[in-house]
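*Asks:* take this sequence and fold it.
(chains A and B)
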There are 2 protein chains.
Amino acid sequence: MISLEAIGVIHTPYSTNAPYQPVHNDTGEFYIELDERYEEGLKELLRFKYIYVIFYIDKLQEKPKMRFTPPWLANKELGLFATRTPCRPNPIGLSIVKLINVIDNRLYVSGLDVFDSTPLLDIKPYIKELDDKSDANYGWLNDLDNREHFMLHIKGIPHDY
Amino acid sequence: MISLEAIGVIHTPYSTNAPYQPVHNDTGEFYIELDERYEEGLKELLRFKYIYVIFYIDKLQEKPKMRFTPPWLANKELGLFATRTPCRPNPIGLSIVKLINVIDNRLYVSGLDVFDSTPLLDIKPYIKELDDKSDANYGWLNDLDNREHFMLHIKGIPHDY
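*Replies:* Presented below is the predicted three-dimensional model:
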C-alpha cells in the first residue's frame, strides 16, 4: 500500500458533468489552490507556458473494467490502459493545462477536465523537447473513420457537425 | 490520506545510479512487469508509439525542500514545483517512453529514468494532438547561457564537450 496526501484542491465550474479532456477555452474559472505550506515551491513555475496537473480522481463509483467498448466506437474492444478512462486501478488523473497566472498559492489555469474540489497530487513543468513528442501517433484512434471529428470530441472543442 | 497500490514493477539496469530523465537508447533491458490480473487491460496499447509511465518514487531518503539551487545552476533559486526533482511532497514520477513491444504482461520500453524494482502506478497512452504541445516553452531553462548543452544533460544524451 502506498499512501499519498492531497497537497491542494482543484476548482472548476464542473459539479455534475466534466469533459473527457481539458477544454482550453471553456468558460468559468479554473484554479488550483495549493496548500499554503507549499507556496514557496511555486517560484519560477510561471515561466512555463504549460504544466502537468496530477490529481486524484475521487468521485468514481464504478470499478475498473480491464476491457470495454466505448459507446462512440461500436465493435472495438479496448484495454483499459490503452485509454484515458478515469476508471483505473489507481485513479490518478493527468492533464496538461496552460498556466495563466500564479497569485500567492493560487494557480490560474486553462480549462481542466475535473470536477470541482478534486484533490491535487502534484504539479510538474511541461518542458519543451522533453515532453512534446512530435513523432507521437494516434494509436487505435487511427482506425476511426472520422478521427478528426472524434478528436474534437475528446479535446472538447465545440463543433456544429 | 489517499491509498494506492502498485500494479506492477519496473525493471531497469539502474541499481545505484539513474539518469535524471529517460535515456531513450541506453543499453540494458527496460521492461515493465504488469500484475497478471491486469494483463487484459493492455489490448491495443501497442498501437501507440509513446506511453506515459506513472510510478512511485520509493527510494528517496531526503525530505522535499520547497526551494533549492541546483548544483549546475549557481545563484538560481527554484521552487520545487518548477522542477522535475524526484523529491516531492507526493513522490509520483512521470516519464514518457517509447513502447517497443508487449508480450503477455510485459511491456518492453525505451530507457526509463528509474531504479530497478520501482513500483508502477499507471500507464496511459500518449496521444498525438492531445499531449504534444508544439508551442510549449523552456521556462527558466531559457536563462541558462548554455541551454542546449544543458538539455543534453537532462535528456541524458552522452556528449563529449
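*Asks:* any idea how far the nearest residue to residue A:44 once chain neighbours are set aside lies from residue B:139?
*Replies:* Using CB to CB, 6 or more residues apart in numbering or on different chains and skipping residues adjacent in sequence, the residue nearest residue A:44 is residue B:82, 4.1 Å away. All C-beta spots, glycine's among them, are computed from the backbone N, C-alpha and C. As judged by CB to CB, to the nearest Å, residue B:82 and residue B:139 stand 7 Å apart.
*Asks:* if we can go back for a sec, tell me who's in contact with the residue nearest to residue A:44.
*Replies:* A:41, A:42, A:43, A:44, A:45, A:47, A:48, A:125, B:139, B:140 (CB atoms under 8 Å, 6 or more residues apart in numbering or on different chains).
*Asks:* report the central residue of chain A.
*Replies:* Centroid check for chain A by CA atoms, centre = their mean gives residue A:95 as the closest residue, at 2.7 Å.
*Asks:* where do the helices sit along chain A?
*Replies:* Remark: helices assigned in chain A by DSSP state H are A:147-154.
*Asks:* so how far is the helix or strand of chain A with the lowest mean pLDDT off the chain centroid?
*Replies:* Here the helix or strand of chain A ranked lowest by mean pLDDT, DSSP states H and E is helix A:147-154, holding a mean of 80. Centroid separation for helix A:147-154 versus its chain: 17 Å, with CA atoms, centre = their mean, to the nearest Å.
*Asks:* that one close to chain B?
*Replies:* Yes. Helix A:147-154 reaches chain B (CB under 8 Å from any CB of the partner chain) through A:151, A:154.
*Asks:* next, the buried residues of that helix.
*Replies:* A:151, A:154 (16 or more other CB atoms under 10 Å in any protein chain shown).
*Asks:* strands of chain A, start to end?
*Replies:* For chain A, applying DSSP state E gives strands covering A:2-4, A:8-11, A:31-34, A:50-56, A:67-68, A:78-79, A:92-103, A:106-109, A:118-125.
*Asks:* packing partners of the first one?
*Replies:* Applying 3 or more CB pairs under 8 Å, 6 or more residues apart in numbering or on different chains; DSSP states H and E, we find strand A:2-4 packed against strand B:2-4.
*Asks:* ok, now the third one?
*Replies:* The helices and strands touching strand A:31-34, judged by 3+ CB pairs under 8 Å, 6+ apart, are strand A:8-11, strand A:106-109, strand A:118-125.
*Asks:* one more: the second one?
*Replies:* In this structure, strand A:8-11 makes packing contacts with strand A:31-34, strand A:118-125, judged by 3+ CB pairs under 8 Å, 6+ apart.
*Asks:* contacts for that strand next, please.
*Replies:* By CB under 8 Å, 6+ apart, the list of residues contacting strand A:8-11 reads A:29-35, A:38, A:53, A:55, A:105, A:112, A:114, A:116-120.
*Asks:* any of those residues buried? List them.
*Replies:* Judged by 16+ other CB under 10 Å, buried ones among those: A:30-32, A:34, A:38, A:53, A:55, A:105, A:112, A:114, A:116, A:118-120.
*Asks:* would CSV of the contacts of residue B:82 with pLDDT, distance to residue B:87 and neighbour count be doable?
*Replies:* Formatted as CSV, these follow (pLDDT from 0 to 100; distance: CB to CB, whole Å; neighbours: other CB atoms under 10 Å in any protein chain shown):
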residue, pLDDT, distance to residue B:87, neighbour count
A:41, 98, 11, 27
A:42, 98, 16, 22
A:43, 97, 16, 20
A:44, 97, 17, 21
A:45, 98, 16, 22
A:47, 97, 20, 17
A:48, 98, 19, 23
A:125, 97, 15, 27
B:139, 95, 19, 23
B:140, 92, 18, 19
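*Asks:* one step back: which residues does the residue nearest to the centre of chain A bridge with?
*Replies:* Beta-bridge partners for residue A:95, by DSSP bridges, are residue A:53.
*Asks:* isn't it up against residue A:113?
*Replies:* Yes. Under the criterion of CB atoms under 8 Å, residue A:95 makes contact with residue A:113 at 5.8 Å.
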